[in-house]
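Visitor: sequence and predicted structure, then a few things I'm wondering about:
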Number of protein chains: 2
Amino acid sequence: MRTIHVGMLGIGNIGKGTWQTLEQGRARIEETTGLDIRIDRILCRTIRPERAEAIGVTPAQAEALFTTDPAAILDDPAIDIVVELMGGIEPATSYMAQALKNGKHVVTANKAAIAANGEMLSQLARENSVMLRFEASVAGGIPIINAVSSPLLANTFSEMHGILNGTTNYILTQMSEYGKDYAEVLKDAQAKGFAEADPTADVEGIDAANKLSILISLIFGIKVGPDEIAREGITRISAHDIRFAKESGYRIKLLASAAEKDGKVYCSVEPALVPEDHPLASVSNEFNAVFVTGSAVDSLMFYGRGAGPLPTGSAVMGDVIEIAVEINKGNAFDNIPLLRYDADLTCAGEGAHRYYVRMTVANRTGVLGSIADTFGAHNISVKSVIQRGAGAADAREALPEVPLLFIVYETERSTLNEALAEISGKDIVLSVDNILRVED
Amino acid sequence: MRTIHVGMLGIGNIGKGTWQTLEQGRARIEETTGLDIRIDRILCRTIRPERAEAIGVTPAQAEALFTTDPAAILDDPAIDIVVELMGGIEPATSYMAQALKNGKHVVTANKAAIAANGEMLSQLARENSVMLRFEASVAGGIPIINAVSSPLLANTFSEMHGILNGTTNYILTQMSEYGKDYAEVLKDAQAKGFAEADPTADVEGIDAANKLSILISLIFGIKVGPDEIAREGITRISAHDIRFAKESGYRIKLLASAAEKDGKVYCSVEPALVPEDHPLASVSNEFNAVFVTGSAVDSLMFYGRGAGPLPTGSAVMGDVIEIAVEINKGNAFDNIPLLRYDADLTCAGEGAHRYYVRMTVANRTGVLGSIADTFGAHNISVKSVIQRGAGAADAREALPEVPLLFIVYETERSTLNEALAEISGKDIVLSVDNILRVED
């Protein structure tokens, strides 16, 4: 049985998950591919006995396995495939570049490095006739990159919507299920290890924007950097919004969306109202999903775990096995580059959408008409309006101020903002509390 | 640009959809792969002018394109890939076998032929160093075969549940949404072209059993013929069952299920109650989905259109493109056979499950206790029991008979049947109306 030699950069949670996935899957992999895939060397910052223990190797084995010198992997001619699981843009990018230049195939789970340097790394892979794979960088265990790169290649795609961040989806699901507010659920998620001590990258949509940037390149063949994607996080979502949306038949999800029209890509990461009978609405807690619309295949959704050591390990090992099989066949590696960048442009805005607007208004007659008139003057049509009180009709009558919810038909966000600036100026309007996109 | 030559067997709806998918996707396919994929010949039973019209070719082009002689494709050395879209076990199997023997790659959408003869055809492909692909044979446009064959190869799977038949899912969804009975919805589905004049293969689960047989081979590496799968259709489902299930938080779906335990495969195609918050519950109308549980990736679901000319064309062309790329690279085709048959066995029954039982009983005190005692005597624990009347409490009291619903904890179906035989014998029990599996 032929042995394929792997060097791994990093032995954090994902590294341990990848090791474990390989060990657990070894019998099936050998039986199916006839190959013995071995992780020969692991780069770590410091060599500590508990690292060996965590992956179940003896101290003697650990001595041969662990190294603190990247060159021991990147420049070792015996290594066929380098698996990069360090995270962060640098030094991960430089290490991957060096591995590719040395004729090694590279598999990575690193969304930040691929979103930032995927084009350069992809080019390097091509020049050196090796493969660069990064299935694990988007949506963890879900094989979405494989799907859009190969079996769906006859399709052109008009749009995609992803739930790409498990932390925010967990928070929104818990808010929805228990009627709790954002801050309370975040604290709970941090205690359970579902959210980091500094949750910024997750809750502000930065993590999702990195993944969306990669998917836009794969699906639309256009380069849009993560920083060029319109982005709004979930920190302004209140228990009110969730409840009101639910009462109108919607769930609130942090959607990473992109649509292509006439060569322009409209994209954003932002919370949106999704109809409760849409498959994306049933994606709960830490799960991820990607919904795409293709010219032939029409609607397609992939659902699964977007993070975690083993699901990510499953994606990493899927890439490793695919490359190992090609190595064994002695096949040429002038492979189709997965990332395509036909045009280098910024996101052309969000496009026209329906919106949900929650405001607090004075509890007086004439308020609704006045606001509706202003929407009308800006050519914004109102789809529905709901006035909610805190309790029964009698109690509501006594309240000096009440929430008022509008869902408006397709409009540009800038037009909506102009109308709302005018509406905010009315003395009957106490505050505009939230604006959320509606995906019908 | 290199041309890859395709011969197509059959030009029904799927054939037209495949042609259209290729023409619509031509620009993207050429740009991505650098290949010109051409359908050079099409086998049809009779050559009629409307066939040319349907795919937009001139009468002159049609003359070169259409043939009624299978040898004009199967024995033509210029043809690289044969696409089989005739359906049915024969002559499709013989034609595919001949193509493989002649060194041609074969792509098929034929579930019946693959379920019946996949092992033989797979072996022939191997012997002749060519590829046999059949993504379109299961779940139409959903790339599930690709997923379990390649990116998920590091996983072993413990179970899978599929909604694999669009006709029955459409009927069950319409029954659920409009409270209508089976016969009425079937008539409507037939009028709309969603169900065939003879709906037997769909509504009795035969179509789903063929697809499940293929998935079992791919996922568990075990051969279970479609006829060996325990199978029950949807014809006994009533509007009552749908409503009662809904009131208890479930949707009824025709599930094709398989689970592996200790080398045994438990499998069935049968209607089952699925919790309303499970992703499979949100799969509506003609959509299909496959839910798998892998050792590393955990839960994963693929959702999309399971039929239709273009979604099926998307899957067929995905296979064609993958083979075309390999041909162009001059790569070896000693590929991993997708179908694995480590053991040849019949389905080891359904295994122990929770069940929903609907019966009609006399409206008397003591009925519930008597039935519960019998369940207890057979070691069956009752999870919930609901007594429903046709109207208000007053009206209910006057009724001589009422429906009684049980959900029981895990038991073998044979044990349940024994208990129910005894229960049916009680004079207070008028009828046992339906028994459905519950997937919690």
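Guide: Okay, I see it.

Visitor: what's the closest non-adjacent residue to residue A:402?
Guide: The shortest distance from residue A:402 to any non-neighbouring residue, by C-beta to C-beta, 6 or more residues apart in numbering or on different chains, is to residue A:363 (4.9 Å). The C-beta positions use only the backbone N, C-alpha and C, and glycine is treated the same way.

Visitor: report pLDDT for that neighbour.
Guide: Here, the pLDDT recorded for residue A:363 equals 89.

Visitor: from residue A:113, how far out is it?
Guide: In this view, residue A:363 and residue A:113 are 54 Å apart by C-beta to C-beta, to the nearest Å.

Visitor: which of the two has more neighbours?
Guide: Neighbours around residue A:363 and residue A:113, counted as other C-beta atoms under 10 Å in any protein chain shown, are more numerous at residue A:113. The numbers are 26 against 17.

Visitor: for residue A:195, give its distance to residue A:53.
Guide: To residue A:53, residue A:195 is 28 Å away according to C-beta to C-beta.

Visitor: can you check residue A:209 too?
Guide: Counting by C-beta to C-beta, the gap from residue A:209 to residue A:53 is 37 Å.

Visitor: which of these two has more neighbours?
Guide: residue A:209 (27 against 12).

Visitor: quick one: pLDDT of the more buried one?
Guide: 97.

Visitor: so residue A:96 makes contact with residue A:106?
Guide: Yes: Residue A:96 is within contact range of residue A:106, at 5.0 Å (criterion: C-beta atoms under 8 Å).

Visitor: check whether stretch A:288-295 contacts chain B.
Guide: Yes: among the residues of stretch A:288-295, A:294, A:295 lie within reach of chain B under C-beta under 8 Å from any C-beta of the partner chain.

Visitor: let me fix that, I meant to ask about stretch A:75-84.
Guide: No: for stretch A:75-84, no contact with chain B is found by C-beta under 8 Å from any C-beta; the gap never falls below 12.6 Å.

Visitor: ok, residues contacting that stretch?
Guide: Residues from elsewhere that reach stretch A:75-84 (C-beta atoms under 8 Å, 6 or more residues apart in numbering or on different chains): A:4-10, A:18, A:39-41, A:73-74, A:92, A:95-96, A:98-99, A:102, A:104-110, A:113, A:316, A:320, A:323-324, A:327.

Visitor: distance of residue A:192 from chain B?
Guide: Distance of residue A:192 to chain B, given as C-beta to the nearest C-beta, to the nearest Å: 18 Å.

Visitor: gap between that residue and residue A:167?
Guide: To residue A:167, residue A:192 is 11 Å away according to C-beta to C-beta.

Visitor: give me the more crowded residue out of these two.
Guide: Neighbour count, other C-beta under 10 Å: between residue A:192 and residue A:167, residue A:167 has more, with 24 against 9.

Visitor: apart from its neighbours in sequence, what residue is nearest that one?
Guide: residue A:202 (4.0 Å).

Visitor: how about the strand or helix carrying the one you found: buried residues?
Guide: Taking DSSP states H and E as the definition, residue A:202 sits inside helix A:200-203. For helix A:200-203, a neighbour-count test (16 or more other C-beta atoms under 10 Å in any protein chain shown) marks A:201, A:202, A:203 as buried.

Visitor: what's the answer for stretch A:429-440, then?
Guide: Neighbour-count burial for stretch A:429-440 [16+ other C-beta under 10 Å]: A:429, A:430, A:432, A:433, A:434, A:435, A:436, A:437, A:438, A:439.

Visitor: could you dump those residues into CSV and include distance to residue B:79?
Guide: Listed next are the buried residues of stretch A:429-440 as CSV, based on distance: C-beta to C-beta, whole Å:
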residue, distance to residue B:79
A:429, 71
A:430, 74
A:432, 65
A:433, 65
A:434, 61
A:435, 58
A:436, 55
A:437, 50
A:438, 51
A:439, 45
